[in-house]
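> How does the following fold in three dimensions:
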Amino acid sequence: MRIPGFCFDPRRHRGRFEVILPGTGARKRRRKTVRVETRDQALALWKAWRAKVLEGRALKGTTLDAYHEETWPKVMKRVAERTAQHDSWVLEKVLLPRLGRYELGRINDAVVRDLVADLRTSGYAPASINGIVSVLRKVLRDAVDRELLDAVPVRKFPREKEVLLRLELSDEERTRFVGAFDDEQGFRRLIRESHRIGEPVASKFFGRARRFGGGRVAEGAAATLEYWRFRAAKPVFVAALETGLTQSDLLSLRWASVDLREGWIRVPRLKTKVEATIPISEACREALAECRGRPVVSDKIFLTEEGRPYSLATINRYFRKAKELAGITRRFRFHDLRHSFASLLASRGVSIQVIAKALGHSSSSMAERYARPNEEAMKSILSALDSARAGVPSWTERPDGHRKKSNSFSNSAEDTGASRGV
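As a prediction, the model looks like this:
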């Protein structure tokens, strides 16, 4: 009887063993050749060797907790700081409480499916679940690279269906958002609406009741200073819409990456190290010129009036203020400025390969998540269908009840005769 993975040559007294590693799609195998006298001896050796290979080194005690303590810090040294923070949070706060005591080799398909079900019932969004599973996959693959595992024990990682949110700015919203930075009256109006004076409180210092709180006055000097600081940040947001750079790439952008004479911005992305290549639009050129003309100029482009780089907290505060002034009450994040950039290009007929190059993506498939044509661009489908339908023959009913084929290009007898040369 033939046994898969076992072969014995009685003439040469040689046994050949082979086993397919699970979870590799038959792409990885282990082979071994031994010299023995009998088939029974070879078969016993094959069974012992096969059990050892399939058992895997990780089944001897390397748990996810042990991997996190001994190996994970080395893995995080190879990735960007923000990636390290995100992946470490996922591992420590989500995976270790649920799978920390599991040996790596026993985290199989069933365990991962149970993990996904638990996360789903706990209220995690599909995108968050996929990100958590991605970190787990990274752990198991690194364990294989370090020979803690012979193969990834999960044959297929589940993936939740994500609902792609359409959060790009429309043309009208884009105009209102950029114009918010020049709306001084609207800025003061928001301060006036939020101004609240507290109830009278007895004061031991003044001997009489007085009101505390209230904050800035809309017509005061503090409000004027705050508005001009808000207005000075406008080039940051214009550049975000005109370049599609992420918040971190934008705030760390340096003049060395900008070629104003040739009209290009070429900057390696902090996250992927892939270079983003973006032509400088007229609006972007004006924003850069405003930064160049300020009293304090450094190697970084976007600076406060004091000459210091903008903090994330400051930019996010100004972003929320601009949204409020523009009347954008729906969900809209700073990162959606990048989506708006790609969507605008797609709506104007720019190819997905060119958009991927501008976004700094390594593949066009990733850019497809960002570059979605707007509704106006999609209406071109109607004109295409209507123009195609204009040349399709239609059917009309004759008096005798039969159907007659008529052509929209030549319906008259004169046209028919002319086409025949009569």
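
> hey, let's count contacts and neighbours off CA atoms from now on
Noted.

> got the contact list for Leu95?
Contacts for Leu95 (CA atoms under 8 Å, 6 or more residues apart in numbering) come out as 132, 136.

> any idea how far Leu270 is from it?
27 Å (CA to CA, to the nearest Å).

> now Ile355
Distance from Ile355 to Leu270, by CA to CA: 18 Å.

> What number of residues are in the vicinity of Arg208?
As a burial measure, Arg208 scores 10 neighbours (other CA atoms under 10 Å).

> hmm, I was thinking of Arg141
18.

> low pLDDT regions in the stretch 1-150 of the chain?
Within the stretch 1-150 of the chain, the segments meeting pLDDT under 70 span 1, 22-27, 55-61.

> give me that answer again for 50
The stretch 1-150 of the chain contains residues with pLDDT under 50 at 57-60.

> Tell me where it has helices.
39-55, 64-70, 72-76, 81-90, 96-99, 109-121, 126-145 (DSSP state H, counting those that start in this stretch).

> follow-up on the earlier one: give me the more crowded residue out of Ile355 and Leu270.
Neighbour count, other CA under 10 Å: between Ile355 and Leu270, Ile355 has more, with 25 against 15.

> Which elements pack onto the host helix or strand of the more buried one?
Element membership of Ile355 [criterion: DSSP states H and E] is helix 352-359. When contacts are defined as 3 or more CA pairs under 8 Å, 6 or more residues apart in numbering; DSSP states H and E, helix 352-359 sits against strand 275-279, helix 336-347, helix 364-367.

> please redo it, this time with the cut-off set to 6 Å
strand 275-279, helix 364-367 (3 or more CA pairs under 6 Å, 6 or more residues apart in numbering; DSSP states H and E).

> How far does the longest one sit from its chain's centre?
Yep, that's strand 275-279 we're talking about. Offset of strand 275-279 from its chain centre (CA atoms, centre = their mean, to the nearest Å): 18 Å.

> which element follows that strand toward the C-terminus?
Criterion used, DSSP H and E; the element after strand 275-279 is helix 282-292.

> residues making contact with that following helix?
235, 239, 242 (CA atoms under 6 Å, 6 or more residues apart in numbering).

> Can you tell me which of those lies closest to Arg29?
When the contacts of helix 282-292 are ranked by distance to Arg29 (CA to CA), Glu242 comes first, at 51.3 Å.

> residues touching that closest one, list them.
Counting by CA under 6 Å, 6+ apart, the residues that Glu242 touches are Cys284.

> Take the helices of the stretch 1-150 of the chain and write them to JSON lines, including distance to Arg14.
Below are these laid out as JSON lines (distance: least, CA to CA, whole Å):
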{"stretch": "helix 39-55", "distance to Arg14": "8"}
{"stretch": "helix 64-70", "distance to Arg14": "40"}
{"stretch": "helix 72-76", "distance to Arg14": "43"}
{"stretch": "helix 81-90", "distance to Arg14": "49"}
{"stretch": "helix 96-99", "distance to Arg14": "44"}
{"stretch": "helix 109-121", "distance to Arg14": "37"}
{"stretch": "helix 126-145", "distance to Arg14": "31"}
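
> Helices - which of the contacts of helix 282-292 land there?
235, 239, 242 (DSSP state H).

> Okay, the second one and Ser122: tell me how far apart.
In other words, Ala239. Taken as CA to CA, the span from Ala239 to Ser122 is 39 Å.

> quick one, which of these two is more surrounded?
Ala239 (22 against 9).

> In contact with the more buried one, which residues?
Ala239 neighbours (CA under 6 Å, 6+ apart): Cys284.

> how far away is it from Cys284?
5 Å.

> for Asp9, same thing?
Taken as CA to CA, the span from Asp9 to Cys284 is 76 Å.

> So these two - more neighbours on which side?
Relative neighbour count places Cys284 above the other of Asp9 and Cys284, with 20 against 15, counting by other CA under 10 Å.

> Val354: neighbour count?
By other CA under 10 Å, neighbour count at Val354 equals 16.

> actually Val90, not the one I typed
For Val90, using other CA under 10 Å, the count is 18.

> can you check Gly360 too?
With other CA under 10 Å as criterion, Gly360 counts 25.

> so it touches Ile278, yeah?
No. Using CA atoms under 6 Å, Gly360 is not in contact with Ile278; the gap is 9.2 Å.

> re earlier: let's have the ones in helices among the contacts of helix 282-292 in TSV, adding pLDDT.
As requested, the ones in helices among the contacts of helix 282-292 are exported to TSV (pLDDT from 0 to 100):
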residue	pLDDT
Pro235	97
Ala239	97
Glu242	96
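
> quick check, nearest of the residues you listed to Tyr67?
Ala239 (43.0 Å).

> gap between that closest one and Gly131?
Distance of Ala239 to Gly131, given as CA to CA: 29 Å.

> Look up the closest residue to Arg331, ignoring the ones flanking it.
Excluding the flanking residues, the one nearest Arg331 by CA to CA, 6 or more residues apart in numbering is Leu167, at 7.1 Å.

> Check the burial of the one you found by counting its neighbours.
15.

> From Ala110, how far off is it?
Distance from Leu167 to Ala110, by CA to CA: 36 Å.

> same question, Ala240
44 Å.

> Mind checking which of those two has more residues around it?
Set Ala240 next to Ala110 and count neighbours by other CA under 10 Å: Ala240 wins out with 24 against 11.

> Now do the more buried one, the pLDDT please.
You'll see Ala240 listed with a pLDDT of 96.

> who are the neighbours in contact with it?
Residues counted as contacts of Ala240 (CA under 6 Å, 6+ apart): none.

> and Ser340, how far is that from Ala48?
Ser340 is 60 Å from Ala48, by CA to CA.

> Could you do Pro10 as well?
From Pro10 to Ala48 the distance is 20 Å (CA to CA).
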